[in-house]
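Asker: Take this sequence and fold it.
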Amino acid sequence: MFTYRAEVPTPAVFLVGPDRRDHVRVSGEDLFTEPDLPVREHFDVYGNRLARLVLPPGLSTVNYVAWVDVPDRVEDVDEDAPELWPDDLPDDALLYTLPSRYCASDALGDEAWSRFGAHPPGYRRVRAICRHVHESLESGCGTSTALSAGVNAAEIGLCRDFTHLAISFCRALDIPARYVLGYLPDLDARPDGASMDFAAWMEVWLGDRWWTFDPRNGGPRKGRVVVGRGRDAADVAMVTTFGSPVLESMVVHVEEDLAPAWR
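Answerer: Numbers count the residues shown, from 1 in each chain. Coordinates of the predicted model:
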């Protein structure tokens, strides 16, 4: 649930619903606003599904609720999945070998090759990158520096920063890597009882498909729900506003429900 206060009518785009291209089934969902606002669906250049609306002057809330059936297993792992020579990559994977706004792979090239160049190429090298990022960064709320080179120097950040840095190392080695925004039940709840947030991880092209890696949370997990994919966090912002409304609150709650009752 997002609560905004706007001074003038403010166009906004929300990216909150599950990506239906994945192996998930949405058994029910609803996006509703207070006051009641017209909402229209939009698909961006990456195929992500967004909701467009205009926040009115004053206080308004945008709520999204869904029940999503996900596979009862962790994501796939293949220690032997190979890296591909750039000329052998699919056309649509080439974009994810290039630097982007938050993934400065060009600035981290020397470090990437010195740290990981001697590792066996393929799945094991990507796993080594994730392990390094996981062990070298400290997780801290409110400490995001956005740019991957800055995160590397500061050695602290949020899940998106862990992901940006790992993506940058992969791209510096010519391994396609893309940013994923989604829900990760329970794993983002902090011990102090603070509200959950969205989660970020990455997908890497090895062999003939994309593989899931999570430099922030570690090994394979069960229950991931992908919301959007892009080059980095700039491509898959939860909310984009064309103006300056004040975000007064944001509440994200995700949990396992073995017997959902959709109403």
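
Asker: Please make it C-alpha for all contacts and neighbour counts, starting now.
Answerer: Will do.

Asker: Just give me the neighbour total for residue 114.
Answerer: Counted with other C-alpha atoms under 10 Å, the neighbours of residue 114 add up to 9.

Asker: and it, helix, strand or coil?
Answerer: helix (DSSP: H, G, I helix; E, B strand; the rest coil).

Asker: mind listing the helices for the stretch 51-200 of the chain?
Answerer: 109-116, 123-136, 148-154, 159-172 (DSSP state H, counting those that start in this stretch).

Asker: Worst mean pLDDT among those helices?
Answerer: For the helices of the stretch 51-200 of the chain, mean pLDDT drops lowest on helix 148-154, to a mean of 52.

Asker: coming back round to it: give me whichever of the helices of the stretch 51-200 of the chain is most buried.
Answerer: helix 159-172 (a mean of 30; mean count of other C-alpha atoms under 10 Å).

Asker: packing partners for that helix?
Answerer: Contacts defined by 3 or more C-alpha pairs under 8 Å, 6 or more residues apart in numbering; DSSP states H and E place helix 159-172 against helix 109-116, helix 123-136, helix 148-154, strand 177-183, strand 199-206.

Asker: what angle do it and helix 123-136 make?
Answerer: Put simply, helix 159-172 runs at 140 degrees to helix 123-136, going by axes from the mean of the first three to the mean of the last three C-alpha atoms, to 10 degrees.

Asker: Work out the gap between helix 159-172 and the centre of the chain.
Answerer: Its chain's C-alpha centre and that of helix 159-172 lie 11 Å apart, by C-alpha atoms, centre = their mean, to the nearest Å.

Asker: between that helix and helix 109-116, how many degrees?
Answerer: 90 degrees.

Asker: which residues of the chain score low on pLDDT?
Answerer: Scanning the chain for pLDDT under 70 picks out the ranges 139-157, 186-197, 257-263.

Asker: Could you list the domains of it?
Answerer: What automatic domain parsing lists as the domains of the chain is 2-71+238-250, 86-234.

Asker: coming back round to it: quick one: closest of the helices and strands packed on helix 159-172 to residue 48.
Answerer: Residue 48 lies closest, by C-alpha to C-alpha, to one member of the helices and strands packed on helix 159-172: strand 177-183, at 10.5 Å.

Asker: That closest one - contacts with which helices or strands?
Answerer: helix 159-172, strand 199-206, strand 225-230.

Asker: Dump those into a markdown table; add distance to residue 22 as well.
Answerer: Formatted as a markdown table, the helices and strands packed on strand 177-183 follow (distance: least, C-alpha to C-alpha, whole Å):
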| stretch | distance to residue 22 |
| --- | --- |
| helix 159-172 | 20 |
| strand 199-206 | 13 |
| strand 225-230 | 8 |
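
Asker: Quick one, which of the ones you listed gets closest to residue 38.
Answerer: Evaluated with C-alpha to C-alpha, the helices and strands packed on strand 177-183 place strand 225-230 nearest to residue 38, the distance being 21.7 Å.

Asker: Residue 82 and residue 123 touch, don't they?
Answerer: Yes: contact criterion C-alpha atoms under 8 Å: residue 82 and residue 123 qualify, at 6.4 Å.

Asker: Between those two, which contacts overlap?
Answerer: residue 206 (C-alpha atoms under 8 Å, 6 or more residues apart in numbering).

Asker: still on that earlier bit, any idea which of the helices of the stretch 51-200 of the chain gets closest to residue 209?
Answerer: Taking the helices of the stretch 51-200 of the chain one by one with C-alpha to C-alpha, helix 123-136 is closest: 11.8 Å.

Asker: okay, the angle between the closest one and strand 199-206?
Answerer: Using the same axes, to 10 degrees: helix 123-136 against strand 199-206 is 150 degrees.

Asker: Residue 232 contacts residue 162, doesn't it?
Answerer: No: look at residue 232 against residue 162 with C-alpha under 8 Å: they stay out of range, at 11.6 Å.
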